[in-house]
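*Asks:* Need coordinates for the below:
(one chain, ligands or ions: 1)
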Amino acid sequence: MIENVLVLNANFEPINVCNIRRALGLMMMDKASLVLNGRGEIHTINNVYPIPSVIRLQMMVRRPRPRVRLTRREVFRRDNFTCQYCGKRTMDLTIDHVLPRHLGGTHSWNNVVAACSSCNHRKGGRSLAESGMALHHRPVFPPASAIYIFGRHLHENAEWEPFLKGW
Ligand SMILES: [Zn+2]
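*Replies:* Alright, predicted model coming up:
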């Protein structure tokens with residue numbers, strides 16, 4: 001069973017992803033309403049509930065736009081699963097700090113890139129200039145759009161796309 005439920009704010013802005021148990025809890029407490037189901041039903045002793053795919057909060061909550069967390073998987077996704085040095089698209093990726101940490105490089109979106117293991121090995125602990133290697137793209141903060149932020153869920157939840165577009 002697909003576990004993720006997209007949570008929309010009262011104004012339909014996508015703000016979160018939660019699991020089905022949490023979504024059903026919000027619905028039973030009248031804190032959220034069902035927007036989209038199509039995943040079948042859950043039967044309890046007394047009731048039958050549609051399994052939600054998208055819910056909407058009844059009350060507007062104020063919260064900052066979620067940001068893409070700096071994780072290996074998110075760096076690879078930003079870099080399109082492509083080594084930023086040789087351009088090879090591969091699953092054999094590592095995280096490279098463009099300016100190595102022992103030279104003062106930070107663990108930040110502007111200083112991490114996806115690198116295949118052979119390029120990472122070739123670059124070693126050197127700076128870009130020392131290594132004589134070049135980047136295909138300068139690393140930047142990932143886009144803040146909802147379609148990007150929640151995009152990693154789309155292959156399992158294609159029906160969310162209309163709710164993500166435009167935010
Ligand atoms: Zn490479």
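
*Asks:* Remind me what the helix ranked longest in the chain packs against, helices and strands.
*Replies:* Counting residues, the longest helix in the chain under DSSP state H turns out to be helix 20-28. Other elements packing on helix 20-28 under the criterion 3 or more C-beta pairs under 8 Å, 6 or more residues apart in numbering; DSSP states H and E are strand 4-8, strand 32-36, strand 54-57. All C-beta spots, glycine's among them, are computed from the backbone N, C-alpha and C.

*Asks:* Give me the mean pLDDT for the second one.
*Replies:* In this case it means strand 32-36. When pLDDT is averaged over strand 32-36, the result is 96.

*Asks:* For it, list the C-alpha coordinates in CSV.
*Replies:* What follows is strand 32-36, C-alpha atoms only, in CSV (Å, rounded to 0.1, in the frame of the first residue of the first chain):
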residue,chain,number,x,y,z
ALA,A,32,-8.8,17.9,7.3
SER,A,33,-11.1,16.9,4.5
LEU,A,34,-10.6,14.4,1.7
VAL,A,35,-9.6,15.9,-1.6
LEU,A,36,-8.6,12.8,-3.6
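
*Asks:* contact partners of the helix or strand just after it?
*Replies:* Using DSSP states H and E, the helix or strand that follows strand 32-36 in sequence is strand 41-43. Surrounding strand 41-43, the residues in contact under the criterion C-beta atoms under 8 Å, 6 or more residues apart in numbering are Ile20, Leu24, Val48, Tyr49, Pro50, Ile51.

*Asks:* helices or strands next to the next helix or strand after strand 41-43 in the packing?
*Replies:* Using DSSP H and E, the helix or strand that follows strand 41-43 in sequence is strand 48-50. With contacts taken as 3+ C-beta pairs under 8 Å, 6+ apart, strand 48-50 sits against strand 41-43.
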